[in-house]
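Participant: sequence? don't have it. structure:
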């Protein structure tokens with residue numbers, strides 16, 4: 001992809017336009033704003049940022065495209081085997097509870113969310129678990145809710161699924177038709193989907209046993225990331241678990257004093 005010349009002032013102008021159209025990306029790291037502008041220029045075949053900015057102000061469809069592009073577009077079933085092995089210990093501790101609440105903001109294309117549902121079913125915890133799942137774009141959320149994937153994707157994930165220690169075939173959790181597979185509806189019976197604003201990750205005032213926030217801090221400047229972590233801390237139960245991405249670390253944030261590290265490799269923390 002050929003890169004267009006983009007000035008720092010363009011990043012500020014772009015951010016202001018999106019905020020004006022109720023898409024608040026203030027606090028998003030400059031590199032991600034830069035990449036979003038590049039994608040839009042290529043997608044619409046604009047030759048400069050001036051044209052892009054003019055169209056953003058006159059065509060709501062471009063704002064919708066921005067929202068969709070801000071959603072992660074790819075996922076993977078049971079990514080990072082060691083994480084799922086660590087979760088076995090966590091689920092043993094949670095199994096004594098009468099009910100479990102989980103927040104899963106920004107579900108993207110859904111693979112990690114549905115991996116978690118299957119994992120909970122394997123450990124006989126799904127029926128007493130309520131999951132709130134969100135995304136910032138209604139279109140992307142509806143696509144993820146369909147839970148339909150290429151059959152080859154599931155077949156490629158089956159070996160990883162077995163390595164975690166599950167005996168039942170992964171495809172037992174899907175209805176297969178031709179070369180596609182759709183998650184069986186009973187798995188999402190206690191899963192509630194909603195659209196969230198980009199700056200507020202909490203759709204409800206519920207206290208959660210687990211907040212699944214993998215690979216999201218890396219997109220935000222530290223001040224904004226700290227705001228998100230404060231929201232998380234306020235809504236995570238004492239003894240509840242925060243799960244971050246492989247490259248993320250709470251140590252650089254003041255909020256770390258509220259947590260104990262469970263697994264450095266898998267970035268799992270528990271609230272004190």
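Facilitator: Done, it's in. Since this is a predicted model, take the numbers as computed values, not measurements.
Participant: So what pairs up with residue 210 in the strands?
Facilitator: Residue 210 forms beta bridges with residue 102, residue 241, as assigned by DSSP bridges.
Participant: give the contact list for it.
Facilitator: Residue 210 makes contact with 90, 94, 100-103, 240-243, according to Cβ atoms under 8 Å, 6 or more residues apart in numbering. C-beta: built from backbone N, CA, C; applies to glycine.
Participant: again, 10 Å this time
Facilitator: Shown in contact with residue 210 (Cβ atoms under 10 Å, 6 or more residues apart in numbering): 87, 90-91, 94, 100-104, 116, 129, 131, 236-237, 240-243, 268.
Participant: Then residue 36?
Facilitator: Counting by Cβ under 10 Å, 6+ apart, residue 36 has contacts 11, 14-15, 18, 25, 28, 65-66, 69-70.
Participant: From residue 115, how far off is it?
Facilitator: 27 Å (Cβ to Cβ, to the nearest Å).
Participant: before we move on, the earlier item: make JSON lines from the contacts of residue 36 and add secondary structure, neighbour count and pLDDT to it.
Facilitator: Converted to JSON lines, the contacts of residue 36 look like this (DSSP: H, G, I helix; E, B strand; the rest coil; neighbours: other Cβ atoms under 10 Å; pLDDT from 0 to 100):
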{"residue": "11", "secondary structure": "helix", "neighbour count": "20", "pLDDT": "96"}
{"residue": "14", "secondary structure": "helix", "neighbour count": "22", "pLDDT": "97"}
{"residue": "15", "secondary structure": "helix", "neighbour count": "19", "pLDDT": "97"}
{"residue": "18", "secondary structure": "helix", "neighbour count": "23", "pLDDT": "96"}
{"residue": "25", "secondary structure": "coil", "neighbour count": "22", "pLDDT": "95"}
{"residue": "28", "secondary structure": "strand", "neighbour count": "20", "pLDDT": "95"}
{"residue": "65", "secondary structure": "helix", "neighbour count": "19", "pLDDT": "95"}
{"residue": "66", "secondary structure": "helix", "neighbour count": "21", "pLDDT": "94"}
{"residue": "69", "secondary structure": "helix", "neighbour count": "16", "pLDDT": "93"}
{"residue": "70", "secondary structure": "helix", "neighbour count": "21", "pLDDT": "93"}
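Participant: Present these as TSV; the columns should include distance to residue 47.
Facilitator: Shown next, in TSV, are the contacts of residue 36 (distance: Cβ to Cβ, whole Å):
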residue	distance to residue 47
11	18
14	16
15	21
18	21
25	23
28	24
65	18
66	19
69	19
70	23
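Participant: ok, so of those, who is nearest residue 221?
Facilitator: residue 28 (7.4 Å; Cβ to Cβ).
Participant: Identify the bridge partners of the closest one.
Facilitator: Under the criterion used here (DSSP bridges), residue 28 is bridged to residue 220.
Participant: I'd say it and residue 217 touch.
Facilitator: No: applying Cβ atoms under 10 Å as the test, residue 28 and residue 217 come out as separate, 11.9 Å apart.
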